[in-house]
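A.B. asks: quick one: sequence and predicted model below, then my questions.
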Amino acid sequence: MHGKSFNADKANNSNRKSHSLPQSLNSDYNYKNSSRNLLTRQPNTLNKIENRARAIVTSKPMFLSRKSEDSYSVNNNNLAFNSQPSFSVLEQSNRDFFGSPIASNSPKSFPSGKPVRIIPIGGVNEVGMNMTVLEYDDEMIVIDTGMGFGGGEKFPGVDYVIPDTSYIEQNRHKLKGIIYTHGHLDHIGGAPYILPKLGNVPIFGLPLTLGLLKNRLAEFELQDNYIMKVVELNRSLKLGNFTIHFFRLNHSIPDNFGMAIDTPMGRVLYCTDWKFDNTPFDGQLSDYAKLGRFGDEGVRLLMTDTLGALRPGYSMSEKVIGETINQIFAKAEGRILFTTFASTVARLQHVVNACILYNRKLILLGRSMISTFNTAYELGKIKVPKGLVIEVNQINDLPPEKVAILLTGSQGEDNAALNRIARDEHPQIKLQGGDTVIFSSSAIPGNEESVQDLMSRIAKKGVEVLNHKEFDIHTSGHAAVEDIKMMLALTKPEYVQPIHGEYFMHQKLANIAVSMGMDRNNILIGENGQIVEMRSDKVVLTDNRVTDSYVLVDGSGIGSVSQVVLEERKIMSSQGVIIVVLLINKQKRLVGGPETISRGFVYMKNNQELFQQLEQLIRQKFNSLLIDPKSTTYFSELRANLKQIIGNFIYETTEKNPMIIPVVVQV
Ligand SMILES: [Zn+2]
Ligand SMILES: [Zn+2]
């Protein structure tokens, strides 16, 4: 990357983002604690582990290494164990496994000492908001600060969800650095909310990742507040007792990497968001050689992405997606509108290539599309010929079959370019018969309805809408079953911890590992915030959690939605609301009401009769309430009592639990 100039005048469109790229991309080094400490080769650490691995592995029978730690220590010198080799493994395995299990080269024990703690605080049993903490003694490193989308049944009325970082905030003096694996929002999106809470900590990543992170921070005018350092794939990074080796992994965005993190309790292989693709759009293969080397040297724990674990076979190559896009361009007669996540950079290159092939000019629409496209271009991650990209106001100078538009709005977002065009609110672009709109992404859970609405609205204008399964971009960036098997075969981990995916995806990954002979006890499926400890004799999922909640971002306010508000929204949306109004006088006697108002409370039988009974009941019970009229807490006690009376009655008669709001007015 040092050969590239970031302010080069090669960018050929004037929409280029005005703010500059991370300063550290241009300068060799600017982190004050000296590069020699932060970025140095650590051959000694590797050799040490390698030697230890060899010494231990070669002194034991191979099958022993797949046994759980308990049985291993008991049977350390006990040949009785030989008579039933791998029996318990086979017992728990998928039935299709009959061969020898893959044998990990990781040392089985480490010198006693403090454990290394591994804590995913987001991204486990969910899709989005990936973030993991590694901690040893008084040192801590963080990987990614992702965000998830709100909405749906889980987070009604919430815009974004980010991990609860209070544990890191409390320990921020320990924090040595934050490493970003790649530039997708589920890995960098939480940065503007999270980084300000963590102090002045150095940030590491590859150029495109840091460029996109800087764009994301710029949305909050925070882009100049952080020291960002570009890592090099062939140099190790030492942060305290953690020595990190980087290696390339394929994904739907360039500059994605995995990490081998050497800790005092063994090596962790961290592989989030990856697939194997031998014909990637940028020609950069996953680094199989390094993976194999790590496997030979010994991997104690593999942490891996599970999003693609339900898809059989190998994951689809980006090349296939490029070919499909070409086929669509070949057939389309009018304008082509192509919408995708801007951060799926591989897809942007495919559209550029199709434009070249089928002689169309390209227009970029939407803030994130323009900024991502330009960042990727400036960093040489996508190749765009001069003159291909034109301004939107030139659209009418060209016939429809000479134009393609790359735009935001694939999730049906209200303010995105595509939605504005569909509502006829765009000043230059009106949809017309003959146009083709391609949704090159799958709807994120919670967005399905708005995406479908948008598609219908567009289709009604006589426009062809394409939403082919082949464009399922999110999954196409993630390892399928055979990729996962290959990863396990290459790296031979002793333990596996699934991350990044729903529980059933983690479970599927566990089954894959077991089918290759891994002991199910060595697969650690936890929860967000649950601490995994790498101890000298074993790796365990502990019962301790540092968090079990989220931070919800509602509108521009952060953390403004508490769990209570969220619960209320859930009740109101599913069960409705009942409001009961009472008038009392100064002597606390009932002088008016009760009057009931209900909204969204669905009880089809005779509602009127129900509410009459309820009002009757309140009148009866009111006089027998034992609340001191002079008490300062009279009103809150009264409301609590009323809530209980009304709630019980409604539940007994209707088996429903609407939200109940008693309103007491003193006249
Ligand atoms: Zn990703
Ligand atoms: Zn991801």
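C.D. replies: Cool, got the structure. Ligands and ions are numbered 1, 2, ... in the order given.
A.B. asks: tell me how many other residues surround H173.
C.D. replies: By other Cβ atoms under 10 Å, the residues close to H173 number 8. No exception for glycine: its C-beta is placed from N, CA and C like everyone else's.
A.B. asks: next one, pLDDT for it please.
C.D. replies: Confidence per residue is given as pLDDT, and for H173 that number is 96.
A.B. asks: now do the contacts for it.
C.D. replies: Contacts of H173 were listed using Cβ atoms under 8 Å, 6 or more residues apart in numbering, and they are D138.
A.B. asks: beta-bridge partners for the closest residue to ligand 2 within the stretch 501-650 of the chain, please?
C.D. replies: Residue of the stretch 501-650 of the chain nearest ligand 2, by Cβ to the ion: G501 (9.4 Å). Beta-bridge partners recorded for G501 (DSSP bridges): V124, E126.
A.B. asks: for M259, same thing?
C.D. replies: Using DSSP bridges, the bridge partners assigned to M259 are F246, Y270.
A.B. asks: shouldn't K229 be in contact with I203?
C.D. replies: Yes - between K229 and I203 there is a contact at 6.9 Å, judged by Cβ atoms under 8 Å.
A.B. asks: neighbour count for these two, which is higher?
C.D. replies: In this view K229 and I203 are compared by other Cβ under 10 Å, and I203 has more residues nearby, 24 against 21.
A.B. asks: looks like that one contacts G177 (just checking).
C.D. replies: Yes - in terms of Cβ under 8 Å, I203 counts as a neighbour of G177; the distance is 7.1 Å.
A.B. asks: kindly state the beta-bridge partners for E135.
C.D. replies: Taking DSSP bridges as the rule, E135 bridges to R117, M140.
A.B. asks: what's near enough to touch the residue of the stretch 201-350 of the chain found nearest ligand 2?
C.D. replies: Minimum separation of the stretch 201-350 of the chain from ligand 2 (Cβ to the ion) falls at D273, amounting to 4.3 Å. With contacts defined as Cβ under 8 Å, 6+ apart, D273 is in contact with 181-182, 184, 187, 249, 251, 256, 305, 307, 477-478, 500.
A.B. asks: restrict those to those near ligand 1?
C.D. replies: Checked against ligand 1 using Cβ under 5 Å from the ion, the contacts of D273 yield the following neighbours: H184.
A.B. asks: ok, so of the contacts of D273, who is nearest N234?
C.D. replies: Of all the contacts of D273, N234 sits closest to L249, with 15.0 Å by Cβ to Cβ.
A.B. asks: which residue is the nearest non-sequential neighbour of that closest one?
C.D. replies: Sequence neighbours aside, W274 is the residue nearest to L249 in space, at 3.7 Å (criterion: Cβ to Cβ, 6 or more residues apart in numbering).
A.B. asks: likewise for A330?
C.D. replies: Leaving aside its sequence neighbours, A330 sits nearest to Y358 (Cβ to Cβ, 6+ apart; 6.4 Å).
A.B. asks: doesn't H182 make contact with D255?
C.D. replies: Yes - here D255 lies in contact with H182, judged by Cβ under 8 Å, at a distance of 6.3 Å.
A.B. asks: one step back: among the contacts of D273, which has the minimum pLDDT value?
C.D. replies: Minimum pLDDT across the contacts of D273 is recorded for G477, with 88.
A.B. asks: and for the nearest residue to that one once chain neighbours are set aside, the neighbour number?
C.D. replies: The shortest distance from G477 to any residue other than its chain neighbours is 3.5 Å, reached at S252 (Cβ to Cβ, 6+ apart). For S252, the number of neighbouring residues by other Cβ under 10 Å comes to 27.
A.B. asks: do G177 as well
C.D. replies: Counted with other Cβ under 10 Å, residues neighbouring G177 total 22.
A.B. asks: which SS class is it?
C.D. replies: Look at G177: counting by DSSP: H, G, I helix; E, B strand; the rest coil, its state is strand.
A.B. asks: contacting residues for it?
C.D. replies: If you count contacts by Cβ under 8 Å, 6+ apart, G177 has them with 38, 141-142, 201-204, 237, 239.
A.B. asks: before we move on, back to that, sort out for me which of the contacts of D273 are in helices.
C.D. replies: Counting by DSSP state H, the members of those that fall within helices are H187.
A.B. asks: point out where the stretch 101-250 of the chain drops to low pLDDT.
C.D. replies: Regions of the stretch 101-250 of the chain meeting the criterion pLDDT under 70 cover residues 151-158.
A.B. asks: ligand 2 contacts on that one?
C.D. replies: Contact residues of the stretch 101-250 of the chain with respect to ligand 2, defined by Cβ under 5 Å from the ion, are listed as D186.
A.B. asks: one step back: which of the contacts of G177 count as buried?
C.D. replies: Taking 16 or more other Cβ atoms under 10 Å as the criterion, what is buried in those is 38, 141-142, 201-204, 237, 239.
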